[in-house]
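Student: Predicted model, plus sequence, below.
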Amino acid sequence: MKYSFNNWNNQFGTIPVTWNKLDYTERTTWRNHGNKNKGFTTYDDNRKIYDKNIGVLVPNELLPVFDVRDYFDLDNLVFDLSKYTPGMILPWHHDDYPTYAKNMGVQDLDSIVRIIVFLHDPAPGQQLWIKDRYCTGAAGSWFAWTGKTKHMAANLSEVDRYVIQLTGINK
């Protein structure tokens, strides 16, 4: 099934799980994102409060098993992985998509769709909030928003949290 919507905001669903735990824990190597102060906008107070815990880890290379783009009817779709170790957080913010917008020539940020796919069943304390909605589900569950929708992600659990992040343009 290929998901397609006129408005991707607040959409959700599930896709088949084609990966296994070893794909993201043993076969993928991780590094710090690099610049935890670019690509999204949050309040200065959040940066002061969470300081060293702000961030996410990204893979050194992407395994083909994580390429789930065929399930989503979006243009210029790219994907990446994210790993949050216990205590990591991206506090309330909205995405600015600077690299994506530049590389894809996007002028209207509201046309950009962001999708998060859970790689594993959640552990207590692993969180994704989109506006006022707590988003949770089993491995393969996905949640979408558009443009500068306010959201946050956190790993307040005792184990690592892994997700696929997709970015595309609504057709």
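Tutor: Great, that's in hand. Numbering: from 1, shown residues only.
Student: so who does Val58 touch?
Tutor: For Val58, the set of contacting residues under the criterion of CB atoms under 8 Å, 6 or more residues apart in numbering consists of 30-33, 80-83. For the C-beta atoms, the positions are set from N, CA and C on the backbone; glycine is no exception.
Student: what's the helix or strand where Arg114 lies in contact with?
Tutor: Counting by DSSP states H and E, the secondary-structure element that holds Arg114 is strand 112-118. Taking CB under 8 Å, 6+ apart as the criterion, the residues outside strand 112-118 that touch it are 8, 15, 68, 72, 74, 95, 97, 100-101, 106, 128, 135, 137-147, 149, 153, 163-170.
Student: Strands - which of those land there?
Tutor: Secondary structure defined by DSSP state E assigns 74, 95, 128, 141-146, 153, 163-170 of the contacts of strand 112-118 to strands.
Student: Tyr84 contacts Met152, correct?
Tutor: No - counting by CB atoms under 8 Å, Tyr84 does not reach Met152; the two are 11.5 Å apart.
Student: The two: which has the busier surroundings?
Tutor: Applying other CB atoms under 10 Å to Tyr84 and Met152 shows that Tyr84 carries more neighbours, namely 23 against 16.
Student: which ones are touching that one?
Tutor: The contact partners of Tyr84, by CB under 8 Å, 6+ apart, come to 56-57, 126, 153-155, 160-163.
Student: I'd like those residues as a markdown table, with distance to Asp110 and pLDDT appended.
Tutor: Written out in a markdown table, the entries for those read as follows (distance: CB to CB, whole Å; pLDDT from 0 to 100):
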| residue | distance to Asp110 | pLDDT |
| --- | --- | --- |
| Val56 | 24 | 80 |
| Leu57 | 29 | 83 |
| Gln126 | 28 | 98 |
| Ala153 | 21 | 96 |
| Ala154 | 26 | 95 |
| Asn155 | 29 | 96 |
| Asp160 | 33 | 96 |
| Arg161 | 28 | 97 |
| Tyr162 | 29 | 97 |
| Val163 | 23 | 97 |
